[in-house]
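Q: Model the structure of this input:
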Amino acid sequence: MPRKGMRSICFQPRTLSFASPARGSPALPAPPAQVPAAAAAAAAAEADKVIESAALLIMKWNPDTSSYARVTSLFYESKREAAQFIACVNNLQKSMHAWASAANSASDERLVHAQFLMEIAMKRLQKEFYQILSLNRAHLDPESVSARSSRASARSSISEYSDDDACGAARDSIAEVEEASTAAMSDLRSIAECMIASGYGKECVAIYNIIRKSIVDEGIYRLGVERLSASQVAKMDWEVLEMKVKNWLEAVKIAIRSLFTGERILCDHVFASSDSIRESCFAEISRDGAMLLFGYPELIARSKRSSEEKMFRLLDMYSTISESWPEIESIFAFESTSAVRSQALASLDRLGESARALLSNFEAAVQKDSPKSSPAVAGGGVHALTVRTMNYLTLLADYGNIIGDVFADWPRPAKSSLPESYFDEALESDDAPAISRRLAWLILVLLCKLDGKAKRYKDVATLYLFLANNLQHVVSKVRASNLKYLLGEEWVAKHERKVRQFTGNYERLAWGQVFASLPEGSSPPPPPSPAQAQERFRRFNTSFGQACRKQSERVVPDPKLREEILGSVGGRLVPAYREFYDAHKAAIGEERNAGLFVRYAPEDLENYLSELFGGTGGDRAVSTSSASSSSTSSSNRHPSWSR
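A: Alright, predicted model coming up:
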């Protein structure tokens, strides 16, 4: 064979793209100038020794000529002999470079023989590489690889309880798993470095990529992430789609923490000698699975569903990717995996865009709600629109910084849709975050709608009770959620004052006639005649009975607000009636028909008031005087507003 052709065997490696020498490999010897005869003879003897030593070990493990080598694994049979095999191949490769530099026929013959041995050795190492990858799937699964440091910590903590048999067994099991994983990774690395240095990196990479890519793809499949089309998503019931989203939320955390992290660690370790190879391998192994995983949210976000539940699933996905971004950026830091990073960012953008559209749709739905779209709430209670809107906003506020990011650049809402008198209710401070202004605006839109619905009440007192109930519900929801941090204490205090204004108006209108039936002024009135006393008691009985009957049909769902209203009414009414009662009861005296005029004792008023706002009938408030004696004994069970 021509000398030029012989040199091409050594200097043109099988893998052209990975032809660069391994990091840390020794420099090739410079071609000799004039080699003395004695030195040449010594070099020839050394060359023959290298070939003879390599031939003995390489041919022993030639699967084409030895049935033993065909069924036995070198690295499982003898770690020591496997290390010798690797060293032997490396020495042979170095010698081949030296012989290729020599200008004699003897070197050419040695090169031919060495290349023959190298082909056999590479075939053996390919087989070993494949067997180690295949037979150690359990020890080289991404979770095991990524958790090696965790296992080390666990083993350290278990060692503190070495006297315990169970802990001892756990320690031994952890050590066994870690030892097997470390040994397999070490063997793979030594084979990979040898094959790459010998110019067979392409064959090594092909085996690695096929096996490890199948593991990543299988891992994604087992996590329940499937490839869906836009039409498939559009046809799914929301319940089914929501379950898939919830499954993805768990899957992406596991994939980042274990699957991709483990593969990156393994790839970096096995191909540590070549940056270009480990980058290309990891990109090939992980790209398809990662693109499917991080493209899933964009597919969901593009669906046309506009249900309120979708908003929170979108924010869940946004939160998961956003919180995982440092890990994503670190794992897929290579230029060849930039498409994965771009896909994750594209999903974030699409999720944010869809979330903003959904919130705009929700606002539009509240604004379009007609005052006549539903009947007036019985008893002036909390409207369903109030409950639905505040539940939505409190859930939204639970996402904290996430919604701050999603709605950071949202423009201020247009005011043209609301009366000018409402403008002072919104957060107008330039220092307020965009999401805070938007949430305050949404509540303002709600309150405007509630004003319209309140006009359906013919009884003005009930109108104000309705406004008080609904605004109290809004304020309570704000105080009990993260909305209080977004809207601020000043916003809460201002709306609490409005609740008190509404309840004050309600009290004046609902109980004004009752208060008017009692004498005013701090000075004691002159003693009335029996006829005057009877008339005044009759007037009070009528006004109080009518008020109790009507207000017993009203509801105040919030316990705190109910206590405040009853406390205000009772605190004013009971002391005034007690003074009236003491001054006028004597004028009637102990007549047999006194019960017809003195229907309520001061203690009875407390009992009647305490049973209001439950939404039940009020017949008891206008019952005969027989109730007076029976209720007096139970007066101590109710709070007294006269004390």
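
Q: Can you tell me the SS state at the nearest residue to His473 once chain neighbours are set aside?
A: Counting by Cβ to Cβ, 6 or more residues apart in numbering, the nearest residue to His473 once its immediate chain neighbours are dropped is Val382, at 4.8 Å. Just so you know, the C-beta spots here come from the backbone N, C-alpha and C atoms, and that holds for glycine as well. Three-state call for Val382 (DSSP: H, G, I helix; E, B strand; the rest coil): coil.

Q: Then Ser322?
A: Three-state assignment for Ser322 (three-state DSSP): helix.

Q: Going forward, count from 19.
A: All right, first residue 19 from here; so that's Ser340.

Q: is it true that it touches Leu366?
A: Yes. Using Cβ atoms under 8 Å as the test, Ser340 is close enough to Leu366 to be in contact (6.6 Å).

Q: Look up how far Thr200 lies from the closest residue to Ser292 other than its chain neighbours.
A: Setting aside the residues directly before and after it, Ser292 is nearest to Ile214 in space (Cβ to Cβ, 6+ apart), at 5.9 Å. Ile214 sits 21 Å away from Thr200, taking Cβ to Cβ, to the nearest Å as the criterion.

Q: Neighbour count: these two, which is higher?
A: The residue with more neighbours, out of Ile214 and Thr200, is Ile214; 26 against 13, by other Cβ atoms under 10 Å.

Q: Sticking with the more buried one, tell me its helix or strand.
A: Counting by DSSP states H and E, the element that carries Ile214 is helix 183-215.

Q: can you pull out the helices in the stretch 319-468 of the chain?
A: Ranges of helices in the stretch 319-468 of the chain, per DSSP state H, counting those that start in this stretch, are 326-349, 356-386, 402-415, 419-424, 452-472.

Q: Go through these and name the closest to Ile228.
A: Among the helices of the stretch 319-468 of the chain, helix 356-386 comes nearest to Ile228, with 20.4 Å by Cβ to Cβ.

Q: what's the domain layout of this structure?
A: Domain assignment for the chain, taken from automatic domain parsing, gives 21-37+55-212, 228-382, 387-526, 535-655.

Q: Can I get those domains in JSON lines including mean pLDDT and distance to Gly219?
A: Below are those laid out as JSON lines (pLDDT from 0 to 100; distance: least, Cβ to Cβ, whole Å):
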{"stretch": "domain 21-37+55-212", "mean pLDDT": "71", "distance to Gly219": "4"}
{"stretch": "domain 228-382", "mean pLDDT": "92", "distance to Gly219": "6"}
{"stretch": "domain 387-526", "mean pLDDT": "85", "distance to Gly219": "44"}
{"stretch": "domain 535-655", "mean pLDDT": "66", "distance to Gly219": "73"}
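
Q: mind giving me a markdown table with the ones you listed and columns for distance to Lys220?
A: Listed next are the domains of the chain as a markdown table, based on distance: least, Cβ to Cβ, whole Å:
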| stretch | distance to Lys220 |
| --- | --- |
| domain 21-37+55-212 | 3 |
| domain 228-382 | 10 |
| domain 387-526 | 45 |
| domain 535-655 | 74 |
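
Q: got the residue ranges for the strands in the stretch 419-568 of the chain?
A: With DSSP state E, counting those that start in this stretch as the definition, the stretch 419-568 of the chain shows no strands.

Q: isn't His157 right up against Leu206?
A: No. Contact criterion Cβ under 8 Å: His157 and Leu206 do not qualify, at 11.2 Å.

Q: Tally up the residues packed near Lys578, please.
A: Using other Cβ under 10 Å, Lys578 is surrounded by 10 other residues.

Q: Mind telling me what element it is part of?
A: Counting by DSSP H and E, Lys578 is found in helix 577-606.

Q: helices or strands up against that helix?
A: Helix 577-606 sits against helix 478-497, helix 507-534, helix 548-569, helix 620-628, with contacts defined as 3 or more Cβ pairs under 8 Å, 6 or more residues apart in numbering; DSSP states H and E.

Q: So for Val592, which of those sits nearest?
A: Of all the helices and strands packed on helix 577-606, it is helix 620-628 that lies closest to Val592, at 5.2 Å by Cβ to Cβ.

Q: before we move on, back to that, out of the helices of the stretch 319-468 of the chain, nearest to Ser291?
A: helix 326-349 (20.9 Å).

Q: How about residues contacting that closest one?
A: 256, 260, 263-264, 266-267, 270-271, 274-275, 278-279, 282, 312, 315, 318-319, 321, 358-359, 362, 365-366, 369-370, 372-373, 376-377, 380, 410, 413-414, 417, 420-421, 423-424 (Cβ atoms under 8 Å, 6 or more residues apart in numbering).

Q: tilt between it and helix 356-386?
A: For helix 326-349 against helix 356-386, the angle by axes from the mean of the first three to the mean of the last three Cα atoms, to 10 degrees is 160 degrees.
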